[in-house]
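Participant: Let's see this in three dimensions:
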Amino acid sequence: MCSSDLIDRESFGGQVARLEWVEDFPQAGSRVEGPKLANTLVEAATGTRMELGEVVEIESYSGCRSVTCADGKAYTAPVVIVAGGRRARPLDIPGEAQFQGKGVIHCAFCDGGLYTRHNVAVVGGGDAGVIEALYLARFASTVTLIEAQPALSAAAAWQARARENRKLDIRLGWKPVAIEGNDGVSALVIEEVGSGQRVRLDVHGVLAQVGFDPVTDYLEGILATDERGAIEVSADMETDSAGVLAAGDIRGGAALRVAGAIEDGKRAAAAALRLLTQA
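Facilitator: Reported below is the predicted structural model:
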């Protein structure tokens, strides 16, 4: 019987554990709590050794793949499945790096309670941004939702909820240019895209949801990727490197939904078993 190792950089269960709810899962029209689903998936991985570690290199040899972590620990296996997902794209503005963990946050579900009766800002008018803004509105005094485009891009149902929420101040056609503060965030400076006019918002928290990038920096030159850095795969989730597969949000053309990632995982697992049988 084959054994398997699961290596994760932060926590088992992935980004699902940071969601309040996962919509349309396990079937259309239903939903499940994110942490509950994450725990269910972890419990289902029976017989798998799980270890925390940041993978920094994957190398292929004849009949063997080598996975090396930042702490120097290495693993070898005939088949490797890369399922590192995506990470939130940074704003790349002054003050963002300085105030990480001091008012610059990445998960409303994780940190929302820290901003009870405070003013916060969310940057990004897509589904993720609107959902995070609505969650923060449960705790914050006000939530300013900032979108550089002239309209929100979130689904119509989420837009309707946002406009109905009296705590949300939606600013369309504005972009963030700087985060200010001393020991923590005290303000976000935004600029009107058309006029260049700047306004200073008094906020204690800033959350960015302006998109996600595949976590593939360490795979540059090792696996073929598209223009966005997502791994290119076949219908069976195989990459251009023998014995290396990719599944979920990290691959090109991914559905970027939990149900899609789970289906990818099933395909990748089936392909891995086939490769092991052929070996």
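Participant: From now on I want contacts and neighbour counts done on CA atoms only, so please keep to that.
Facilitator: Noted.
Participant: ok, residue 182 to residue 226 distance?
Facilitator: 40 Å (CA to CA, to the nearest Å).
Participant: Would you agree residue 171 is in contact with residue 150?
Facilitator: No: contact between residue 171 and residue 150 fails when scored by CA atoms under 8 Å: they sit 9.1 Å apart.
Participant: These two: who's more crowded?
Facilitator: residue 171 (20 against 12; other CA atoms under 10 Å).
Participant: which secondary structure element contains the more buried one?
Facilitator: Taking DSSP states H and E as the criterion, residue 171 maps to strand 168-172.
Participant: From the rest of the structure, what touches that strand?
Facilitator: 133-134, 137, 142-152, 162-163 (CA atoms under 8 Å, 6 or more residues apart in numbering).
Participant: Just the buried ones out of those residues, please.
Facilitator: Neighbour-count burial (16 or more other CA atoms under 10 Å) applied to those gives 133, 134, 137, 142, 143, 144, 145, 146, 147, 148, 152, 162.
Participant: among these, which two are most distant?
Facilitator: Using CA to CA, the buried ones among the contacts of strand 168-172 span at most 20.8 Å, a distance reached by 137 and 148.
Participant: was I right about residue 60 contacting residue 68?
Facilitator: No: contact criterion CA under 8 Å: residue 60 and residue 68 do not qualify, at 11.6 Å.
Participant: got the contact list for the nearest residue to residue 17 once chain neighbours are set aside?
Facilitator: Once flanking residues are discounted, residue 17 sits nearest to residue 35: 4.1 Å by CA to CA, 6 or more residues apart in numbering. Contacts for residue 35 (CA under 8 Å, 6+ apart) come out as 16, 17, 18, 19, 20.
Participant: pLDDT score for the third one?
Facilitator: In this prediction, residue 18 carries a pLDDT score of 81.
Participant: Let me have the contacts of residue 35 in JSON lines, extended by distance to residue 220, secondary structure and neighbour count.
Facilitator: Formatted as JSON lines, the contacts of residue 35 follow (distance: CA to CA, whole Å; DSSP: H, G, I helix; E, B strand; the rest coil; neighbours: other CA atoms under 10 Å):
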{"residue": "16", "distance to residue 220": "26", "secondary structure": "helix", "neighbour count": "19"}
{"residue": "17", "distance to residue 220": "28", "secondary structure": "helix", "neighbour count": "20"}
{"residue": "18", "distance to residue 220": "28", "secondary structure": "helix", "neighbour count": "17"}
{"residue": "19", "distance to residue 220": "30", "secondary structure": "coil", "neighbour count": "21"}
{"residue": "20", "distance to residue 220": "33", "secondary structure": "coil", "neighbour count": "18"}
